[in-house]
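Visitor: got a predicted structure here, sequence first:
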Amino acid sequence: MLNIYFAGAIRAGREDGQLYARLITYLKSFGTVLTEHVGDDGLLQEEKSLTEEEIFQRDMGWLAAADLVIAEVTTPSLGVGYEIGLAQTLGKQILCLYRPGANRRLSAMVAGNPALQVRRYSRVSEAQELLADWLKQFAGQA
């Protein structure tokens, strides 16, 4: 089974929390989602019991253990950008999902990075198809 690190905005905004939960549920059919808490509505409350250093250490451990990284990058987030950069340094395969929309522009640091796979989508079902297609290449690797 694959170890999947899912990254999505947390402190930058939880507007997509339910979307993250749906994507994470789908990803669980392909492996273990190390960061399934990202889709949890109670996440911000839960993390109040951890120091920022504990959150950092926990997430860096999961990132190191991950076989690949999937980042939902529609909501700009310093944390997600940091995770993507570190994942690239660690040699991880990275897929970034992005929903274009009015007043939204994907960072050039993501859109222009040839080491990243960037896929645009508009509906959850479309994102799930993109995930399935991308994950096929990793079947049986973990």
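Guide: That came through, no problem.
Visitor: for the protein, what spans make up the strands?
Guide: All strands of the chain, identified by DSSP state E, fall at 2-7, 31-33, 68-72, 93-98, 117-120.
Visitor: Gly79: which of those is closest?
Guide: strand 2-7 (7.6 Å; Cβ to Cβ). Every C-beta, even on glycine, is put in place using the N, C-alpha and C of the backbone.
Visitor: by contact count, what packs against the closest one?
Guide: If you count contacts as 3 or more Cβ pairs under 8 Å, 6 or more residues apart in numbering; DSSP states H and E, strand 2-7 packs onto helix 17-27, strand 31-33, helix 52-65, strand 68-72, helix 78-89.
Visitor: mind running it again at 6 Å?
Guide: The contact analysis (3 or more Cβ pairs under 6 Å, 6 or more residues apart in numbering; DSSP states H and E) places strand 2-7 against strand 31-33, helix 52-65, strand 68-72.
Visitor: turn the ones you listed into JSON lines, including mean pLDDT and mean neighbour count.
Guide: Formatted as JSON lines, the helices and strands packed on strand 2-7 follow (pLDDT from 0 to 100; neighbours: other Cβ atoms under 10 Å):
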{"stretch": "strand 31-33", "mean pLDDT": "95", "mean neighbour count": "18"}
{"stretch": "helix 52-65", "mean pLDDT": "94", "mean neighbour count": "13"}
{"stretch": "strand 68-72", "mean pLDDT": "97", "mean neighbour count": "24"}
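Visitor: turn these into a markdown table, including distance to Ser125.
Guide: Shown next, in a markdown table, are the helices and strands packed on strand 2-7 (distance: least, Cβ to Cβ, whole Å):
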| stretch | distance to Ser125 |
| --- | --- |
| strand 31-33 | 19 |
| helix 52-65 | 27 |
| strand 68-72 | 15 |
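Visitor: low-confidence ranges in this protein?
Guide: Where the chain drops to pLDDT under 70, the residues are 12, 14, 41-47, 140-142.
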